[in-house]
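Undergrad: what shape does this take:
(chains A, B and C)
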Amino acid sequence: MMAGNSNARSWSERIIEVLLAAAVSVSILTTIGIVVSLVGETTGFFREVSLVEFFTAKEWTPLFTPAHYGIAPLVAGTFLVTVIAIAVAAPLGIASAIYLSEYASVKVRRVIKPILEILVGIPTVVYGYFALTFITPIIRHILPDTDVFNALSAGIVMGIMLIPMISSLSEDAMTAVPRSLREAAYALSATKLEVALKVVIPAAISGIVASFILAFSRAIGETMIVTLAAGGTPNLTINPLESIQTMTAFIVQIILGEAPFGSIEYQSVFAVAFVLFLLTLSLNIIGHWIVRRYREVY
Amino acid sequence: MNRQVDSATLSGGKLMNRQEEMFTPRLKSRQLRNAIFKWIFFGANVVGLLALVLLLGDVVRDSWGWLDWDFITSFPSRFPEKAGIKAALFGTIWLMVITALVAIPVGVATAVFLEEYARKNRFYAAIQTNISNLAGVPSIVYGILGLTIFVRWMMLGRSILAGGLTMALLILPIIIVAAQESLRSIPNSWRHASLALGATRWQTIRYVVLPASLPGILTGVILALSRAIGETAPLIPVGALTFIMTVPKDFMDPFTVLPIQIYNWTSRPQDEFRCIAAAGIIVLLIVLLSMNATAIFLRNKYQKKVVE
Amino acid sequence: MNNIILSIKNLTVKYGTTVALKNISMEIAQNRITALIGPSGCGKSTLLRSLNRMNDLIEGASVSGQVLYRGEDIYAPSVDPVAVRLQIGMVFQKPNPFPKSIFENVAFGPKINGYRGDLGSLVKQSLQGAGLWEEVKDRLHDNAYALSGGQQQRLCIARALALQPEVLLLDEPCSALDPIATLRIEELIQELKEQLTIVIVTHNMQQASRIADYTAFFLSGELVEYGETEKVFTAPVDKRTEDYITGRFG
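TA: Now for the predicted structure:
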């Protein structure tokens, strides 16, 4: 009786363990699925287009004849928006993190942090709406030659979206700086500002850099703001007032255009998505690696 | 005890003997700089708040007069005055139900396996890295995954089921990480106590560990679902951008959701469509807000229960 | 007793609603070593940290009473705590060098406080003062973390000396060190009293009896006994002091 009971028990224990392990396999399969689905069509694409053309040609015109498949304009457009976004988010994010970690009292933190969390929770399509209907008109009022769709507006709004991310990751890095280092500096008659700039930031610098890298990766993969506000013209330019197209916006454009399955345009979406995937993956790996390293130091 | 060393030096800014000769501390100007920077750093936080106020103000202004009961109960239309958000609202509800039904059990089970069963070896580290990398994959790439795997290979077509499964994969890493953190916060002594009373591993998890970690898991789940409700990009490749005149009745029905509808309206050049897009945004934000409020409510309720 | 450099009057320190120090009054002699002893949680470290306003940095800490430095209350509203810390330096329980080079560690204070002389010779002189120069003179630009624990603590003393303070506060400076490193620091402290006033917190009674001119015994936030070290250790007036130094508790 006892033996039978515990036997049944151990069987059900086994089954549960197998079920749980099966759940783990879902996340592994997801990764495999992403790679397989990207690689399949990308291979088809590179049967038609040479790697050399893809990486060196200066034009991206898959919908025109003759079609050109140089990814440079899409990468340039992506980086233009991203650089603007980081230029907005990095100084504001660090400044916000310094305030929260060095200056703010517990009470003030309790007010500011939830507000920043609300900013994180706002859907990107809403940010896109904000860029197009609010920021763009302001830019065009000041600089009338600006295109309706432009990199600047999308970049600024994306920057606002990234402030909380940089702020919270940098704040984590600053909080990880031991209190004893701050005390050492205060005891040497440093002001709060000197403690922040000369002790805390240098000690937290790897974490701060990691926050930039992760934000950068996030910005590269962002889709809705750039699709709505930055335009649909592949454009090898560094002028932020012109209409451009990012990699993500190109993917949306072709998919909405209902490119026939198996056509070269359809496949080009996968090639671009593959580049996007590799780019964000390597940035994320670098970012997480840096974060792990500074966690080990303290 | 006799003589008191005197000569005031602190507030006058005068220094003592040795120091006076060699140092120029300029405390006044350094403290002034500190005060100025304090306000600059504070101001950086105000920028976020200001952006939020402007954004909400912009949306409320644009939607003024457009958001009414008809808007909620009407289907989309070529005429902005008649257009409504019914199909998108129902689509969002359907999508969330599918996403939650898939992502919650799979996510929590993954976390339980990793924290309660798996040895902390290289396999564990590899899975952990994989999950954190998945969390960083751009959402549009999940859309491509959904298009290839669910829409084409599994031949689900552009259905709400394909959309829900895609979204479930997208939020899976968020749920796993939140659940893992919650499980880790349960002290090992609780597990040992239960095992010592003769409970099996699963009974310990089922009756001790999971109930105690529920508030944390629940908060993570709701945050993940809020993310899913607002996501647009992954649903575009899966095909959720159609002019839908019905409410979904079946998992295989075509669908649209709130953010897709908002995107569609925003991208049209006519001002009126922008206005209904703004009205749609308000509906979306209200849904998000009520979900977050629920999360806070549930968390507080269960936290009290655990303490009792 | 000699000249009085610090005089503490009715000092009470609270953290939130917890009273850490109750109505302390005592005087600290110039160019002497004063030891603060007592069991952990007795308030000795709190007292030390209130002598250069380090308690200001703890949220919820409140101070009442006075601490007169050369006759001037360091808690007066017109006094900048940064000015106080310029003249009253501090070394902490665990060595806490900055993750910078040895040179940069010592030069930190002088740089931010506008040192007008030759920084190189100041660094040398401070390291010599801390008895560390010979060991590090060939690797001044190495990271301070490469030093041993005892060396790091002497670096922290050198860093504090570089500002040429009048008073040096030491918060259990040897508690993280081995006996040999401890001995070196004790010797160093005795040399230093030629130039400055030292207040040292220690839970090691032998240490207090070896180096201190005056000793104060604290218990539960109160000053139980204060006087010349020899007297406190050989003929304590209070029964509780006697119990403590004979090892009956703590």
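Undergrad: now do the same contact list for residue 154.
TA: If you meant another chain, say so; for now it's chain A. Contact partners of A:Ala154, counting by CB atoms under 8 Å, 6 or more residues apart in numbering or on different chains, are A:81, A:84, A:128, A:131, A:225-226, A:228-230. (Each C-beta comes from the backbone N, C-alpha and C, glycine too.)
Undergrad: try again with chain C
TA: C:130-132, C:184-185, C:188.
Undergrad: neighbour-wise, give me the winner out of those residues.
TA: Of the contacts of C:Arg154, C:Ala130 is surrounded by the most neighbours, 27 neighbours in total, counting by other CB atoms under 10 Å in any protein chain shown.
Undergrad: just the buried residues of stretch C:26-42, please?
TA: C:26-38, C:42 (16 or more other CB atoms under 10 Å in any protein chain shown).
Undergrad: meant to ask about stretch A:135-151, not that
TA: In stretch A:135-151, counting by 16+ other CB under 10 Å, buried: A:135-136, A:139-140, A:146-147, A:149-151.
Undergrad: just stretch B:114-128 next, same as before
TA: Within stretch B:114-128, the residues that count as buried by 16+ other CB under 10 Å are B:114-116, B:118, B:127-128.
Undergrad: A:Ile220 is in contact with A:Thr280, correct?
TA: Yes - look at A:Thr280 against A:Ile220 with CB atoms under 8 Å: they come within range, at 5.7 Å.
Undergrad: so which of the contacts of C:Arg154 belong to strands?
TA: Applying DSSP state E to the contacts of C:Arg154, no entry is found in strands.
Undergrad: of those, which is the nearest to chain A?
TA: For these, the residue nearest chain A by CB to the nearest CB is C:Ala130; the value is 14.3 Å.
Undergrad: okay, that closest one: pLDDT?
TA: Reported pLDDT at C:Ala130 in the predicted model: 90.
Undergrad: can you redo the contacts of A:Ala154 as a markdown table with pLDDT and neighbour count?
TA: Listed next are the contacts of A:Ala154 as a markdown table, based on pLDDT from 0 to 100; neighbours: other CB atoms under 10 Å in any protein chain shown:
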| residue | pLDDT | neighbour count |
| --- | --- | --- |
| A:Val81 | 97 | 33 |
| A:Ile84 | 97 | 22 |
| A:Gly128 | 96 | 30 |
| A:Ala131 | 95 | 30 |
| A:Ile225 | 96 | 31 |
| A:Val226 | 96 | 33 |
| A:Leu228 | 94 | 30 |
| A:Ala229 | 94 | 31 |
| A:Ala230 | 93 | 35 |
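Undergrad: want to try TSV for those residues, with distance to C:Gly149 and secondary structure as columns?
TA: Output for the contacts of A:Ala154, formatted as TSV (distance: CB to CB, whole Å; DSSP: H, G, I helix; E, B strand; the rest coil):
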residue	distance to C:Gly149	secondary structure
A:Val81	50	helix
A:Ile84	48	helix
A:Gly128	56	helix
A:Ala131	55	helix
A:Ile225	52	helix
A:Val226	54	helix
A:Leu228	59	helix
A:Ala229	57	helix
A:Ala230	56	coil
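Undergrad: ok, of the contacts of C:Arg154, which one's closest to B:Leu183?
TA: B:Leu183 lies nearest to C:Ile185 out of the contacts of C:Arg154, by CB to CB, at 46.2 Å.
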